[in-house]
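Everything below, folded, please.
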Amino acid sequence: MTVTISALKVFEIAEQIERNGTAFYRKAAEMFNEPNICNMFLELAEWEAKHEQVFRDMRRQLSELNSKPRTFRPEKTQPDPQVIASLAVFGAGSEPVHKLKNIENVAGVLKKAIKKEEDSIAFYKNLKDFVPVNADKDKVDDIIEEEIRHIKILRQALEHRE
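Numbering: from 1, shown residues only. Reported below is the predicted structural model:
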């Protein structure tokens, strides 16, 4: 079986992940009256919006290069199951704020956010396989590092809750 996906499509997915992350964090900020928590979520939302712009710019560069689909051949390379699973990061196929619907406390939102950030990292690590230019791979690495910082921030906030 051969699976074909274009790099442009992968970057569109990355953009959607970041848009959904932005919406997720903005909604989380609205849920609580604690200024420190609200500010943390709003700052994370801003970072996600910046990531979306980076991926949009990278997709435009690829479009200018006339990106061709990348083909996965089972005998050589299997698509990483994490890539396929991570397409749902931050609810890529659904409204991300629904993920917060039944969570009523800050700790629950923090745990959900940590999981979503971890899933994003898995996706972005695999996304680098679709990036033809080393400088752009470095940009993806920078975003991965920022996502790792997001996890640290979220874990610290969670530690203060528990």
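
and the helix or strand where residue 142 lies, average pLDDT?
Following DSSP states H and E, one finds residue 142 within helix 134-161. Taken as a whole, helix 134-161 carries a mean pLDDT of 88.

Packing partners of that helix?
Applying 3 or more CB pairs under 8 Å, 6 or more residues apart in numbering; DSSP states H and E, one finds that helix 134-161 contacts helix 35-64, helix 106-127. Quick note: C-beta positions are derived from backbone N, CA and C, even for glycine.

now that helix, how far from the chain's geometric center?
Relative to its parent chain, helix 134-161 has a centroid offset of 10 Å by CA atoms, centre = their mean, to the nearest Å.

circling back: deepest of the helices and strands packed on helix 134-161, which one?
helix 106-127 (a mean of 20; mean count of other CB atoms under 10 Å).

now that one against helix 134-161, angle please.
Helix 106-127 and helix 134-161 are oriented at 160 degrees to each other (axes from the mean of the first three to the mean of the last three CA atoms, to 10 degrees).

Quick one: mean pLDDT over helix 106-127.
Per-residue pLDDT values over helix 106-127 give a mean of 88.

And for stretch 13-30?
Mean predicted confidence for stretch 13-30 is 90.

Next, the buried residues of that stretch.
By neighbour count with 16 or more other CB atoms under 10 Å, stretch 13-30 contains the buried residues 13-29.

Relative to residue 18, how far out is the most centrally placed residue in the chain?
Nearest to the mean C-alpha position of the chain, by CA atoms, centre = their mean, lies residue 120 at 3.7 Å. Residue 120 sits 8 Å away from residue 18, going by CB to CB, to the nearest Å.

and if you look at residue 153?
Distance, residue 153 to residue 18, using CB to CB: 17 Å.

And for residue 8?
Residue 8 is 16 Å from residue 18, by CB to CB.

Provide a list of residues in contact with the nearest residue to residue 143 once chain neighbours are set aside.
Of all residues not flanking residue 143 in the chain, residue 51 sits nearest, at 5.2 Å (CB to CB, 6 or more residues apart in numbering). The contact partners of residue 51, by CB atoms under 8 Å, 6 or more residues apart in numbering, come to 18, 21, 143, 146.

Could you single out the nearest of those residues to residue 109?
For these, the closest approach to residue 109 (CB to CB) belongs to residue 21, at 13.1 Å.

Secondary structure element holding the closest one?
Using DSSP H and E, residue 21 sits within helix 7-31.

re earlier: among the contacts of residue 51, which one lies nearest to residue 43?
Looking across those and measuring by CB to CB, the closest to residue 43 is residue 146, at 11.5 Å.
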